[in-house]
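> below: sequence and its predicted model.
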Amino acid sequence: MSKCFYSNSEKNAHIKMSLERRLVKYGEISYVYGVMNKRDMDEMLIISNFPSEIIDNYLSNKYQNIDPVIINALNRISSFGWDEKLGINSQWTVRRLIDAIRNYDIIRGHAFVLHDHKNCLATLVLYIDKLLIPYIDKVIFKYRDEIQGLLIYIHEMLLESYQEERQVTKNILSTREAEILYWSSTGKTYAEVARILIITVSTVKFHMANIVKKMGVKNAKHAISLANEIGIVYHPLMR
């Protein structure tokens, strides 16, 4: 996962606490709240009550690219139930991905889906222990709309939590830095940006280094990715 994709641990911990406080109403349920960049599926945030090593393994192996639940969610706007037979094809099924949580007796689940205006897919997946299937099925049937509303509420909380960060980032860039960031985000090379702005390539590189430093990322690619994610890339004439 990109370090600049909803990566503030304090904000995410607050969101996790708020989500779990609201999930208590539905009983002891294992859950995953995930946010994935549909333009770059390698970028994903997961907040869950599964052990961190399970989540880290999922993200480090980029399983979201082959996870049948995620692939199905990408093509839906409504919630759906799934079991371990759900698959992309005969080779890639949920069964292959839930081995890590086999100790939890997970064989089924229900996914709630939200596509946001940032071109991200947000999901709230509830995992059903085989011993609790009758109870959880009744809960989901009764509170389906309410849980969908919870996903919307929590996702709005996430976006709002990072809104302040967006404004700070926008304000710290100079006019020249904003210009270079914009043209770089369109796919222009440093040489092409230099010709457009009538400056030297070394000047472009100097300003890009400042952008990277101010945005707290590790390179220009990450700066462009973060800038697009948080909506601070705009044409210089619209500044």
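Yep, that arrived.

> how far does the helix or strand harbouring residue 222 sit from its chain's centre?
Using DSSP states H and E, residue 222 falls within helix 220-230. Averaged C-alpha coordinates place helix 220-230 at 14 Å from its chain's average position (CA atoms, centre = their mean, to the nearest Å).

> helices and strands around that helix, which ones?
With contacts defined as 3 or more CB pairs under 8 Å, 6 or more residues apart in numbering; DSSP states H and E, helix 220-230 has these neighbours: helix 133-172, helix 175-185, helix 201-215. C-betas here are computed from N, CA, C, even on glycine.

> recalculate using a threshold of 6 Å.
Helices and strands touching helix 220-230, by 3 or more CB pairs under 6 Å, 6 or more residues apart in numbering; DSSP states H and E, are helix 175-185, helix 201-215.

> for residue 149, list the residues it contacts.
With contacts taken as CB atoms under 6 Å, 6 or more residues apart in numbering, residue 149 has no neighbouring residues.

> again, 10 Å this time
Under the criterion of CB atoms under 10 Å, 6 or more residues apart in numbering, the contact partners of residue 149 comprise 112, 143.

> report pLDDT for it.
On the pLDDT scale, residue 149 is placed at 97.

> pLDDT below threshold where in this protein?
For the chain, applying pLDDT under 70 flags the ranges 1-4, 87-105, 130-133, 164-171, 236-239.

> just to revisit the earlier point, kindly calculate the angle that the helix holding residue 222 makes with helix 133-172.
Direction vectors for helix 220-230 and helix 133-172, defined by axes from the mean of the first three to the mean of the last three CA atoms, to 10 degrees, enclose an angle of 110 degrees.

> what number of residues lie near the closest residue to residue 116 other than its chain neighbours?
Nearest residue to residue 116, sequence neighbours excluded (CB to CB, 6 or more residues apart in numbering): residue 122, at 6.0 Å. Using other CB atoms under 10 Å, residue 122 has 23 other residues around it.

> report the contact partners of residue 122.
Contacts for residue 122 were tallied using CB under 10 Å, 6+ apart; they are 33-36, 45, 73, 112-116, 151-152, 154-156, 158-159.

> name the SS class of it, please.
For residue 122, the reduced secondary structure class is strand; criterion used: DSSP: H, G, I helix; E, B strand; the rest coil.
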